[in-house]
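Trainee: structure of the sequence below:
(one chain, ligands or ions: 1)
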Amino acid sequence: MQLKFKVPIFDVKNLNFSVRGVDILSNISLEIFNGEYIAIIGPNGGGKTTLIRILLGLEKATSGSVKIFGKKIKNFKEWYKIGYVPQRASLVDANFPATVEDIVKMGRVAKRGMFSTFSLEDAKMVEDAMLKMDIVHLKNKMVGTLSGGQRQRAMIARALASSPEILILDEPNTGVDIVSQQRFYKLLSKLNKEDNITIVFITHDIGVIADDIGRLFTINENATICNNPKEAMSCEDMTQLYGIDAHLIHNHKHEH
Ligand SMILES: Nc1ncnc2c1ncn2[C@@H]1O[C@H](COP(=O)(O)OP(=O)(O)OP(=O)(O)O)[C@@H](O)[C@H]1O
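Mentor: Numbering: from 1, shown residues only. Coordinates of the predicted model:
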């Protein structure tokens with residue numbers, strides 16, 4: 001039992017990804033464990049999204065190994081355990097012909113299969129996901145008429161509808177105002193602490209979630225793993241290497 005507990009959700013070893021001879025990711029090794037809250041930062045074009053796409057099986061690594069819940073990625077089938085909110089998910093076409101409830105229901109497809117009918121359990125999970133994201137009152141609204149923050153919450157509810165064990169969010173705040181962002185960070189932290197959902201969060205805005213995150217990964221072709229991001233000293237290298245003010249994390253903690 002002890003051993004089982006320690007199996008990481010993602011176990012990446014010596015991963016390389018190159019396109020036409022150009023290295024995009026080099027020698028990445030990292031593990032993500034159940035219950036963690038991890039932020040991923042790095043410069044534009046550094047390879048963050050590519051890494052996530054490989055973890056989700058959307059791109060194939062050039063070499064190296066990726067295991068998910070202890071299984072080689074090619075044998076892994078339980079994709080409903082992984083919720084994904086892609087970049088710019090909150091920027092939905094204004095004419096997209098679906099209600100908020102429709103969007104969240106789509107999140108059940110991975111769990112129940114394409115051709116089975118919508119069950120009572122499906123309905124309950126959809127309702128729960130909307131409750132958690134505080135969008136029940138919006139369920140009959142067309143998604144194109146929502147604000148950026150409301151759309152963002154709808155997209156996360158959609159990911160939550162399959163009861164994932166891990167939620168991966170790729171810069172989810174594009175087009176979302178500051179107040180909605182703050183609210184969103186609180187919701188994420190709650191999902192992590194109260195529902196034990198593992199969170200992996202790609203962001204350029206590290207200061208605001210500094211109090212919540214446990215570890216920080218910096219991706220710039222290579223990966224730098226910062227296990228103790230609240231102790232600014234341990235991130236000194238990161239600051240120098242990537243020009244990111246790791247002290248922000250430290251200072252933020254003292255503002256309260
Ligand atoms: N399949 C592919 N074919 C060609 N180039 C690719 C492919 N996948 C990724 N790249 C390139 O890899 C680099 C890394 O892109 P990626 O989107 O992963 O960076 P990022 O860190 O997420 O950037 P941003 O912060 O701007 O979103 C980019 O230069 C991109 O053009």
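
Trainee: CA atoms only for stretch 211-221 - export them in CSV, please.
Mentor: Output of stretch 211-221 as CSV, limited to C-alpha atoms (Å, rounded to 0.1, in the frame of the first residue of the first chain):
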residue,chain,number,x,y,z
ASP,A,211,1.0,31.5,-1.1
ASP,A,212,-0.8,28.5,-2.6
ILE,A,213,1.9,26.8,-4.6
GLY,A,214,4.0,24.0,-3.2
ARG,A,215,6.6,23.7,-6.1
LEU,A,216,7.6,25.7,-9.0
PHE,A,217,8.9,24.4,-12.3
THR,A,218,10.7,26.7,-14.7
ILE,A,219,10.7,25.6,-18.3
ASN,A,220,13.1,27.1,-20.8
GLU,A,221,14.0,24.1,-23.0
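
Trainee: what residues sit buried inside that stretch?
Mentor: Residues 212-221 are the ones in stretch 211-221 that count as buried (16 or more other CB atoms under 10 Å). Placement of C-beta: from N, CA and C, glycine included.

Trainee: what kind of secondary structure is the residue most central in space within the chain in?
Mentor: Per CA atoms, centre = their mean, the C-alpha nearest to the average position across the chain is that of Ile168, at 1.7 Å. Recorded secondary structure, Ile168: strand (DSSP: H, G, I helix; E, B strand; the rest coil).

Trainee: next one: Arg158
Mentor: Using three-state DSSP, the structure places Arg158 in helix.

Trainee: for the chain, which residues are neighbours of the ligand?
Mentor: For the chain, the contact set with the ligand under CB under 6 Å from any ligand atom comprises 19, 24, 42, 44-50.

Trainee: right, and the residue nearest to the centre of the chain touches Lys81 too?
Mentor: No. Here Ile168 does not reach Lys81: they are 11.4 Å apart, not a contact under CB atoms under 8 Å.

Trainee: going along the chain, name the strands of the protein.
Mentor: Taking DSSP state E to define them, one finds strands in the chain at 10-19, 22-32, 37-41, 63-68, 71-72, 82-85, 166-170, 198-202, 215-220, 222-226.
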